[in-house]
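Engineer: Provide a 3D model corresponding to the input given below.
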Amino acid sequence: MNSLITSSVRRVMKLQQPILLRLRHPHQIRLLEPLLKYGLVLPKNCNAKDTHINERPAILLCNLRPDTTPRILIYLHGGGYAVGSPHTHKGFAARLMQASCCERAYLPYYRLAPKYPYPTALNDVFEFWQVLCDRYPDHELVLAGESAGAGLCLALFQQIRSQQLRHPNKIFLHSPWLDVGLSGDSYHDLQLNDGFLGRHPQRKAWLHRMFARHYLGASDADDPLVSPIHMDVAQLPPIFVQVSTHEVFIADSQRLIERCQAQQIDCRLSVWPDLWHAFGLFAPWLPEANRAIHEAGEWIKTAR
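Structural biologist: From the prediction side, this is the model:
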């Protein structure tokens with residue numbers, strides 16, 4: 001059974017659904033980013049500072065707890081490729097860093113749509129990856145992201161593989177959005193009561209209007225680098241996916257895991273009941289979010 005806090009959050013989210021559905025452009029959501037203060041709260045024994053990697057900005061998180069191992073977390077934030085930043089997601093990344101005993105976490109700023117459609121974000125994080133591989137040759141590298149950031153993780157992996165660069169040791173995806181074409185069954189399933197948009201029949205059209213079309217630009221939604229749901233999963237490292245039963249993107253997670261299992265990729269899917277998209281970002285206030293971060297951290301520490 002979910003917590004009382006979860007029920008309260010759902011009631012609040014239901015109240016904001018009419019506001020979200022009236023929005024017409026991602027710039028309108030960016031005006032709401034200062035309200036995301038829950039994502040800015042860092043845990044104890046963590047320092048955050050601004051840094052640059054090859055002149056591209058990033059946030060560096062340092063784990064001051066004594067139980068660290070030679071492990072680096074590279075975290076790609078979500079936000080539909082059009083909103084969000086390392087600043088809005090550093091709280092979640094910091095908790096994941098500590099739960100997995102990483103020494104450090106890097107959150108790169110990548111350029112956002114609609115000003116910078118595909119492939120700008122992918123090019124930015126690919127350059128970032130190249131530098132970190134050289135900087136930490138003896139460390140384990142963990143690639144992680146949520147929502148669109150999770151999709152960007154798998155697009156980045158494809159670039160790494162094609163360029164024959166060092167692969168991440170493992171990949172963690174939280175509530176991944178992997179299909180910019182919005183083709184999965186769950187996009188049409190109005191039985192799914194997604195917290196942000198509820199069961200509204202225009203849910204899919206809203207996602208396309210607000211995010212997908214801006215990231216696509218003139219690109220093809222079936223391109224595996226745009227929509228990693230279409231990727232060849234060969235050579236993927238161990239991969240762990242968390243998703244909720246009621247989020248509109250659940251079909252993406254299920255399809256990815258089915259394909260990984262068919263290719264005998266080391267994979268795991270953790271499905272959380274009756275929650276919403278990217279529920280982990282509600283840590284430390286939401287008990288289920290804290291448990292999900294602990295679960296992910298334990299997997300990162302033990303997966304081989």
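Engineer: now Val180, what's its secondary structure?
Structural biologist: Secondary structure assignment for Val180 (DSSP: H, G, I helix; E, B strand; the rest coil): coil.
Engineer: OK, contacts around the residue nearest the centre of the chain?
Structural biologist: Centroid-nearest residue in the chain, with C-alpha atoms, centre = their mean: Glu146, separated by 1.2 Å. Glu146 makes contact with His77, Gly78, His89, Phe92, Leu173, His174, Ser175, Pro176, Ala278, Gly280, Leu281 under the criterion C-beta atoms under 8 Å, 6 or more residues apart in numbering. Placement of C-beta: from N, CA and C, glycine included.
Engineer: Setting aside sequence neighbours, what's the nearest residue to it?
Structural biologist: Of all residues not flanking Glu146 in the chain, His174 sits nearest, at 3.9 Å (C-beta to C-beta, 6 or more residues apart in numbering).
Engineer: Need the nearest residue in space to Cys133, chain neighbours excluded.
Structural biologist: Arg166 (4.7 Å).
Engineer: Where does the one you found sit: helix, strand or coil?
Structural biologist: Arg166 - assigned by three-state DSSP - is coil.
Engineer: now Pro70
Structural biologist: With three-state DSSP as the basis, Pro70 sits in strand.
Engineer: ditto for the one 3 residues further on
Structural biologist: Under three-state DSSP, the three-state class of Leu73 is strand.
Engineer: can you tell me which residues contact the nearest residue to it once chain neighbours are set aside?
Structural biologist: Nearest residue to Leu73, sequence neighbours excluded (C-beta to C-beta, 6+ apart): Ala105, at 3.9 Å. Residues in contact with Ala105 (C-beta under 8 Å, 6+ apart) are Leu60, Leu61, Asn63, Ile72, Leu73, Ile74, Tyr75, Ala93, Ala94, Leu96, Met97.
Engineer: ok, then the element right after the top helix by length along the chain?
Structural biologist: Longest helix in the chain by number of residues, with DSSP state H as the criterion: helix 4-22. Once the chain leaves helix 4-22, the next helix or strand it forms, by DSSP states H and E, is helix 26-30.
Engineer: contacting residues around that next one?
Structural biologist: By C-beta under 8 Å, 6+ apart, the residues outside helix 26-30 that reach it are Leu23, Gly80, Ala82, Val83, Leu112, Ala113, Pro114, Met210, Phe211, His214.
Engineer: As CSV, the contacts of Ala105 with neighbour count, distance to Ile239 and pLDDT would be great.
Structural biologist: CSV is the format used below for the contacts of Ala105 (neighbours: other C-beta atoms under 10 Å; distance: C-beta to C-beta, whole Å; pLDDT from 0 to 100):
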residue, neighbour count, distance to Ile239, pLDDT
Leu60, 17, 25, 99
Leu61, 26, 23, 99
Asn63, 23, 23, 99
Ile72, 20, 18, 99
Leu73, 25, 15, 99
Ile74, 25, 15, 99
Tyr75, 28, 15, 99
Ala93, 30, 18, 98
Ala94, 29, 22, 98
Leu96, 27, 15, 99
Met97, 32, 19, 99
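Engineer: Thank you, goodbye.
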